[in-house]
Every structure is written in structure tokens, then in C-alpha cells.
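**Student:** Please work out how this folds:
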Amino acid sequence: MNKYLARANQLVPELVENRRHFHRHPEVRNELFETVKYVKAQLEDMGYQVQEICQCGLVVLAGGKKPGKCILIRGDMDALPMPEDTGLEFSSENPGAMHACGHDLHMAMLLGAAKLLKEHEDEIEGTVKICFQPNEETFGGAKAMIEAGVLENPHVDAAFAIHVGSMADVGTLDYGKGLTMGSADGFSIHVKGKGCHGAAPNSGISPINIGVHIYLTLQELLAREVNPAEQCTLTVGSMLFGDGATNVIPSEGVLNGTMRGFNAELINHLRQRVEEISVGTARVFGGDAEVEWLFSSPAMYCDPEFTDEVVRYAADVVGQDRMIPKKSRATGSEDFAYFGEKVPSQIFWLGAGVDDKTKRISNHNPKVLFSEDALPYGAAVYTQCAIEWLKEHK
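**Tutor:** Numbers count the residues shown, from 1 in each chain. Sure thing, here's the model as predicted:
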């Protein structure tokens, strides 16, 4: 058995305790104040000097005793703003927030890796920069950390991350090369009309009517202006108009949605068209509209050469038969892509499905379950990849 996995198996009680603490106390976006306090205390107990490089973004360094390059390993910390319905004894105690994407496991695994790296610090031929990132779910955390200088002092030469998946068998590692995950652009279309009594619609301008026509026209963008060979989505996830009254036409409303794809030029074109269609359609019906862009994250690019290297290292932990190359690109997004724009990077998807396959539900579901048996694999893979990459690139 791989020595890091053997040691990680000994740490399972600690890994599970940390994971369950994070799961009970989820926090969202970059408002992770209690989470950061807990992670910082754990790292300081290991002997690390902790730097808060941006709001709720933590960095520590392992190694540095020997000259060499620097590799960054990242774990994200934020939960989702949604209720939990798992029935777990350690369910969320923060109403309206849940670790439904597995970031509680990410933190526990990265803390485990931090302990392993500290225990093997004399073997590190260079530096491992351990990065606890906020605000992945709304695509702001990686960018904020990069802007704050996380890729310097010391300069980062490569970056690596792990994300858990609730549908795959424990210990499997899914990976891809090149463009593997889509970009993400979030928008809010604010529609303005003229409110009136429902019995006299002619005296007002219905923002609902405008919103419906904007929605239908946006769907035509994919059918008429996107090459069928492109992989691209445009989804309106909510339309909010009025307060529930049956006899009132409201004065305004909003449509919220996202666009995802792999062709930056196409996405820029669609952004322009979303604005033109929204404003133009509203004016046709006598109203007005304004588009607000909420976030923008690039497509995830996994460097092929770096991928081949970390796949080889990780196979020593989980076994070559558990290394699974992606068969297709995913339109889901991950803001680790900001790191991929700057340095050679790879993000593995670690299987964390529960044993009973009938209970497996995808991430972002209020009933999603993750197997804690995945925790030692994550901690060991982080450690193995970091130490071995530095050893081969000294």
C-alpha cells in the first residue's frame, strides 16, 4: 500500500471529525468566518504559519527547506445557500446553508494532506503551497486569491485540485486533458414595465409579458446563432414577477440565468446578444430592460503534460484500474479554471458515492450523500502528487 494512503487511513477518525464539523456548520460565499477560524486553528496546531491572503482565503507553505519549484494544492470551503434534507445526524445547523457540493470533504482532505506534508517535510524538494479557497460556488474565490498574489512569493509553477463526486465509486479518479469543464457567465435581466389593475391591462405595461418573450427569444440564440458542433448552454433558472396577487400586473421583475461553453469568442458574442435581445424586446412592448452580469469564470483547461504526470503519481495511490479518463467534456464549471489560465493545472474528480447505489444523487441536491471512505484517498493523492512532482522537477 502507498505509504501516504496507509498513514491517511490511520488519520480517518480525525478526517471524519473535521468533515462532520464542517458539514454541521456550513457558510457561504466569502463569509466563512467560523470556518476559517477552525481551519486556521488546525493548521497552527500542525506548526504552520497561516496567512489570510484575502477575505476568508488561507495559505500555508510546506517544505521550503530544500531548493526547488513550487506546486499549489487547493481545497474550496464554501457551502451552498440551500436547505439540507439528508437526515444525517450531523446535518447542517445553519438554516438555509448546506455542503451539497462536497466542499466539507475537500477541507477535511486538504487538512489531512497538510498533516501528511508536515510529517514528510524533509522529503519535499521545493515548496507546497496549500490553499484554502472561499467563494467557489459564485466563481469569485480563485480570482480574488490570484489578484491577492497567491501565485507569487514563492512563484507557483503548477496547481492541482480534487473535487468529490457523489455518483462515482469510492477511490476512482476521473480526469481529462485540454478543455474539460465549461466557462460560466451569470446574468440578471431586470425588466421594467408599468403596474396596473389586472382588470385593465391596457392601462399598464406587463413586465411578465416582456419577460416571457425575452425568455423565448433567448432560447432561439442556441438554435439559430450557435454552430451545432459547439457545446453551449443558456439556462434561465428563475423568473420573479409580482407578489402572488391574482389581480395585479406588477411594475417590474427579473430573470436570472447562466451561460456555459468552451469557446470564449462565442460566449462574448452571446453576452452581447443577451443584452440586445433583452433591451430590444422590452422596448417593443413599451418597457425597458437592463442586463447585469453577476460573474464570469473561464473554461477549465487541464495541461496535458502535467496531467500525464499527476495521473502517474495518483495511480500509485488508488491503482491504475481506478484512473478513469473523461469520455466527454462537462458543461459544469469550476473557478479553479482561473489557476488553469496561469499555470499548468489539473483537477481530479474523486469518487465518493455511497455503497447503496439507489441512494446516490448528484451534487447540489438537498438529499445528496457522500461517502467518508473517500477522505483518506483525497489526503493521500494530494500528498503523493505534490511530493512526487517536486521531486521530478527539482
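**Student:** just so I have it, where are all the helices in the stretch 101-250 of the chain?
**Tutor:** Using DSSP state H, counting those that start in this stretch, the helices of the stretch 101-250 of the chain run over residues 103-119, 141-147, 207-224.
**Student:** between those helices, which gets nearest to Pro81?
**Tutor:** Comparison of the helices of the stretch 101-250 of the chain against Pro81 by CB to CB identifies helix 103-119 as nearest, at 13.0 Å. C-betas here are computed from N, CA, C, even on glycine.
**Student:** Relative to the whole chain's centre, how far out is the closest one?
**Tutor:** In terms of CA atoms, centre = their mean, to the nearest Å, the centre of helix 103-119 is set 18 Å apart from its chain centre.
**Student:** Report the mean per-residue pLDDT for that helix.
**Tutor:** Mean pLDDT, computed over helix 103-119, is 98.
**Student:** now for that helix, which elements pack on it?
**Tutor:** Judged by 3 or more CB pairs under 8 Å, 6 or more residues apart in numbering; DSSP states H and E, the packing partners of helix 103-119 are helix 3-10, helix 12-24, helix 33-46, strand 57-63, strand 69-76, strand 126-133, strand 158-165, helix 375-392.
**Student:** and the angle from the shortest one to strand 126-133?
**Tutor:** Okay, so that is strand 57-63. Counting by axes from the mean of the first three to the mean of the last three CA atoms, to 10 degrees, strand 57-63 points 160 degrees away from the direction of strand 126-133.
**Student:** Strand 57-63 pairs with which strands, parallel or anti?
**Tutor:** Neighbouring strands of strand 57-63 in its sheet, by DSSP bridges, are strand 51-54 (antiparallel), strand 126-133 (antiparallel).
**Student:** Check what contacts the shortest one and list those residues.
**Tutor:** I take that to be strand 51-54. The list of residues contacting strand 51-54 from outside it, by CB atoms under 8 Å, 6 or more residues apart in numbering, reads 30, 36, 40, 58-60, 134, 144-145, 147-150.
**Student:** Rounded mean pLDDT for that strand, please.
**Tutor:** Here the average pLDDT along strand 51-54 is 98.
**Student:** just the longest one next, same as before
**Tutor:** Strand 126-133 comes out with an average pLDDT of 98.
**Student:** follow-up on the earlier one: any chance of the helices and strands packed on helix 103-119 in TSV, with mean neighbour count and distance to Lys326 too?
**Tutor:** Below are the helices and strands packed on helix 103-119 laid out as TSV (neighbours: other CB atoms under 10 Å; distance: least, CB to CB, whole Å):
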stretch	mean neighbour count	distance to Lys326
helix 3-10	18	24
helix 12-24	18	26
helix 33-46	16	30
strand 57-63	23	29
strand 69-76	24	20
strand 126-133	26	23
strand 158-165	25	12
helix 375-392	25	17
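**Student:** JSON lines for these, including distance to Glu305?
**Tutor:** Shown next, in JSON lines, are those (distance: least, CB to CB, whole Å):
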{"stretch": "helix 3-10", "distance to Glu305": "23"}
{"stretch": "helix 12-24", "distance to Glu305": "31"}
{"stretch": "helix 33-46", "distance to Glu305": "31"}
{"stretch": "strand 57-63", "distance to Glu305": "23"}
{"stretch": "strand 69-76", "distance to Glu305": "14"}
{"stretch": "strand 126-133", "distance to Glu305": "18"}
{"stretch": "strand 158-165", "distance to Glu305": "10"}
{"stretch": "helix 375-392", "distance to Glu305": "11"}
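**Student:** and of these, who's closest to His197?
**Tutor:** helix 33-46 (47.5 Å).
**Student:** Any chance you could list what contacts the closest one?
**Tutor:** 18, 21-22, 25, 27, 50, 52, 56, 58, 60, 77, 107, 111, 114-115, 118, 132.
**Student:** about what we covered before: most packed of the helices of the stretch 101-250 of the chain?
**Tutor:** helix 103-119 (a mean of 25; mean count of other CB atoms under 10 Å).
**Student:** nearest to Lys342, of the helices of the stretch 101-250 of the chain?
**Tutor:** Of all these, helix 141-147 comes closest under CB to CB, at 6.7 Å.
**Student:** sorry, back to before: Glu392 is nearest to which of the helices of the stretch 101-250 of the chain?
**Tutor:** For these, the distance to Glu392 is smallest for helix 103-119, at 16.8 Å, taking CB to CB.
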